[in-house]
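Peer 1: From the sequence below, what's the structure:
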Amino acid sequence: MSFERPAPDLTKLRAAWEEFERGEQQPGKVLANLKTAGLPEVLDELIESGWQPSTPAAADS
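Peer 2: Residues are numbered from 1 along each chain as shown. Predicted structure coming up:
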């Protein structure tokens, strides 16, 4: 019997990152949570689709 990974969960990915930003989780735990929530699959799909990040607008001075 083979193990099938569940589909990536964007809500869990965002929650894991927010916990890290608030200082509630150590980096190693955050990385584990991001991996189990499907970050590698999300990144692979973005790369395969040719997605490119947009350039942030320059801040008004």
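
Peer 1: And residue 47, how far from residue 28?
Peer 2: Distance, residue 47 to residue 28, using CB to CB, to the nearest Å: 25 Å. All C-beta atoms are positioned from the backbone trio N, CA, C, and that covers glycine.

Peer 1: Next: residue 10.
Peer 2: Residue 10 sits 22 Å away from residue 28, going by CB to CB.

Peer 1: Verify the stated contact: residue 30 with residue 20.
Peer 2: Yes. With contacts counted by CB atoms under 8 Å, residue 30 reaches residue 20, the gap being 4.2 Å.

Peer 1: neighbours of residue 7, just the number please.
Peer 2: Close neighbours of residue 7, defined as other CB atoms under 10 Å, add up to 9.

Peer 1: so what pLDDT did the nearest residue to it once chain neighbours are set aside get?
Peer 2: Closest residue in space to residue 7, ignoring its immediate chain neighbours: residue 38 at 6.8 Å, by CB to CB, 6 or more residues apart in numbering. On pLDDT, residue 38 comes in at 97.

Peer 1: picking that back up, for residue 10 and residue 28, indicate the residue with more neighbours.
Peer 2: residue 10 (12 against 8).

Peer 1: Surely the more buried one touches residue 41?
Peer 2: No. Using CB under 8 Å, residue 10 makes no contact with residue 41, being 10.9 Å away.

Peer 1: got the contact list for the nearest residue to residue 39 once chain neighbours are set aside?
Peer 2: Nearest residue to residue 39 in three dimensions, chain neighbours excluded: residue 13, at 5.9 Å (CB to CB, 6+ apart). If you count contacts by CB atoms under 8 Å, 6 or more residues apart in numbering, residue 13 has them with 34, 37, 38, 39, 42.
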